[in-house]
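Engineer: Just to be clear, the model below is a prediction. Sequence and coordinates:
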Amino acid sequence: MSGSVSSGLLLPAAVTAATILLWATALLPEYLVALLFFAAAMVLRLASAETVFAGFASPAFWLILSGFVLGIAIRKVGLADRIANLIASRMTRSWPQVVGGVVLLTYALAFVMPSNMGRIALLMPIVMALADRVGLAPEDRGRIGLALAVGFGTFQLSASILPSNVPNLVMAGAAERAFGLHLAYLPYLLLHAPVLGLAKGVALTACVAWLFPACPSVVAPSTAPPPWSADERRLGCLLLVTLALWMTDSFHGIAPAWVSLAAACLCLLPRIGFVTGDEFASGVNIRTCLYIAGILGLAAVVTQTGLSDVLGHALLAVTPLDPARPAQDFAALIGLTSLMNFALTANGVPALFTPLAGRMAESSGLSLMTVLMIQVIGYATPFLPYQAAPIVVAMGMGGVSPRDGTKLCLVLAVVTMLVLAPLDYVWFRVWGWIG
């Protein structure tokens, strides 16, 4: 029986490995790798069409597409420049201050806006306008760094806020279904915010400032901003309504993706909208949309074929867990989630890891809740950009190459594992999560 299962998983495993390898090495453009995955999965009949192309039905895909439209409108009417001018004079005294200000914006917005993709769609045009304001040309390395600060800050730091990150919600739902556990907002925040939020924000700022150095111009305070145009007022009202609906999705039940899609449609309507058909064609990055659909489709295929279950149990069987060595168990569980991240991506890791947490708790001697919380460190720390869709979206909107995104991913992951993970272990012990 095991032999037949193994042979049945051979093709899915080969296609998955080849796709991940091509994305990781950037030997081919990311959109082409996604198209090759779609073609291979359908020709080889790895899964149903509904599964292979699940990314196109995902709210994440439509949130990304809508985000591009909203970004075009924000830039076109001048709102991005207006907001950038407001903040430029307050954080342009040095390059680390500029980067730190952007990182702080991404973290602060996560407390009031639940959608990673929505925050990127809102912040990216503003931050790119800020880059223009401080004299960073399109080819400037600093401009790349600011785009990456938006993506990495939005995804990685928001993992410390329970409702502000999709993998967190997947974990919370899986824990409730599997064990009847309900994760509370404040204990979760107190456990993760000091290290995964604040300390990691400092580390991200340092890494971006070091890898992408720049010399921004000091911006003098603006004394008389220009009056608001009619288009700015109309778009501002639309964005305020959109933001309010994003923030209150738990009350009205409309997902942020569909709120964004409705707002994007209003922006595209003739006469009352802001974006023309030509601007839509030139401004929407279809390459990034295809890439995201490919990532989500790959995760769906890995799950439906059973490859994720085999992978999870195989990794668990070789994970060194010893109740007498809690520090070793802590590191091993972070390593386990990091390995899962390569095949499942961040959204898929908690769906597989959480049901296995009971067995891990028994083997390690740690509490079930502690094991569940440790996985956050792993899935919030991608080693490659494709493992976190929001980072890929930010790279697409900011015109960042896969090479630059991978460089920051690897450096920040190493800093996290060598410096922040030990700090997290100490913090877990201080709060009594580890005896």
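Structural biologist: It's in.

Engineer: Run through the chain and note the low-pLDDT ranges.
Structural biologist: Filtered on pLDDT under 70, the chain yields the residue ranges 1-7, 60, 88-90, 92, 112-115, 218-224, 247, 250.

Engineer: So it: which segments form each domain?
Structural biologist: With domains defined by automatic domain parsing, the chain comprises 2-46, 56-217+228-430.

Engineer: right, so those domains: which one is the most enclosed?
Structural biologist: When the domains of the chain are scored by mean count of other C-beta atoms under 10 Å, the highest mean neighbour count falls to domain 56-217+228-430 (a mean of 20). (Each C-beta comes from the backbone N, C-alpha and C, glycine too.)

Engineer: just how off-centre is that domain within its chain?
Structural biologist: Between the centre of domain 56-217+228-430 and the centre of its host chain there is 3 Å, according to C-alpha atoms, centre = their mean, to the nearest Å.

Engineer: Show me what the helix or strand where Met369 lies packs onto, helices and strands only.
Structural biologist: Here Met369 sits within helix 368-379, counting by DSSP states H and E. Contacts defined by 3 or more C-beta pairs under 8 Å, 6 or more residues apart in numbering; DSSP states H and E place helix 368-379 against helix 166-179, helix 185-192, helix 326-364, helix 421-430.

Engineer: Go again with 6 Å.
Structural biologist: helix 326-364 (3 or more C-beta pairs under 6 Å, 6 or more residues apart in numbering; DSSP states H and E).

Engineer: Follow the chain on from the helix holding Met369 and name the next helix or strand.
Structural biologist: Next along the chain after helix 368-379, taking DSSP H and E as the criterion, comes helix 389-398.

Engineer: Contacts made by that following helix with the rest, please.
Structural biologist: Applying C-beta atoms under 6 Å, 6 or more residues apart in numbering, the contact partners of helix 389-398 are 60, 64, 116, 120, 124, 147, 150-151, 154-155, 285, 288, 291-292, 295, 385, 405.

Engineer: taking these one by one, which sit in helices?
Structural biologist: Among the contacts of helix 389-398, DSSP state H puts 60, 64, 116, 120, 124, 147, 150-151, 288, 291-292, 295, 405 in helices.

Engineer: In this structure Ser363 contacts Leu321, no?
Structural biologist: Yes. Between Ser363 and Leu321 there is a contact at 4.1 Å, judged by C-beta atoms under 6 Å.

Engineer: re the thing from before, of the ones in helices among the contacts of helix 389-398, which is the nearest to Trp95?
Structural biologist: When the ones in helices among the contacts of helix 389-398 are compared for distance to Trp95 (C-beta to C-beta), Ala147 wins out at 14.8 Å.

Engineer: related to what we said a few turns ago, and of the ones in helices among the contacts of helix 389-398, the nearest to Ile72?
Structural biologist: The nearest member of the ones in helices among the contacts of helix 389-398 to Ile72, counting by C-beta to C-beta, is Met124 at 11.0 Å.

Engineer: From Asn285, how far out is the closest one?
Structural biologist: With the distance defined as C-beta to C-beta, to the nearest Å, Met124 ends up 11 Å from Asn285.

Engineer: Spatially nearest residue to Ala351 (excluding sequence neighbours)?
Structural biologist: Leaving aside its sequence neighbours, Ala351 sits nearest to Val170 (C-beta to C-beta, 6 or more residues apart in numbering; 5.4 Å).

Engineer: quick one: that neighbour from Leu315, how far?
Structural biologist: Computed with C-beta to C-beta, the distance linking Val170 and Leu315 is 18 Å.

Engineer: now do Tyr425
Structural biologist: With distances defined as C-beta to C-beta, the gap from Tyr425 to Leu315 amounts to 21 Å.

Engineer: next one: Ala293
Structural biologist: Here the criterion is C-beta to C-beta. By it, Ala293 lies 27 Å from Leu315.

Engineer: likewise Leu44?
Structural biologist: With distances taken as C-beta to C-beta, Leu44 is found 25 Å from Leu315.

Engineer: tell me which element Ala131 falls in.
Structural biologist: Ala131 belongs to helix 116-133 when elements are defined using DSSP H and E.

Engineer: what does that helix rub up against?
Structural biologist: Outside helix 116-133, the residues touching it (C-beta under 6 Å, 6+ apart) are 63-64, 67, 70-71, 74-75, 80-81, 83-84, 88, 102, 109, 113, 143, 146, 150, 154-155, 219, 246, 256, 390, 393-394, 397.

Engineer: quick one: that helix to helix 389-398, angle?
Structural biologist: 30 degrees (axes from the mean of the first three to the mean of the last three C-alpha atoms, to 10 degrees).

Engineer: Run through who's touching stretch 136-153.
Structural biologist: By C-beta under 6 Å, 6+ apart, the residues outside stretch 136-153 that reach it are 99, 102-103, 106, 123-124, 127, 131, 204, 208, 212, 214, 391, 394, 398, 400, 404, 408.

Engineer: whoops, stretch 33-53 was the one
Structural biologist: The list of residues contacting stretch 33-53 from outside it, by C-beta under 6 Å, 6+ apart, reads 11-12, 15, 19, 22-23, 290-291, 294, 297, 300-301, 304.

Engineer: make it 8 Å
Structural biologist: Contacts to stretch 33-53, defined as C-beta atoms under 8 Å, 6 or more residues apart in numbering, come from residues 11-12, 15, 18-19, 22-23, 28, 57, 290-291, 293-295, 297-298, 300-301, 304-305.

Engineer: One more: stretch 162-182?
Structural biologist: With contacts defined as C-beta under 8 Å, 6+ apart, stretch 162-182 is touched by 60, 110-111, 113-114, 116, 155, 158-159, 161, 183, 185, 188-189, 250, 346-347, 349-351, 353-355, 357-358, 368-369, 372, 375-376, 379-380.
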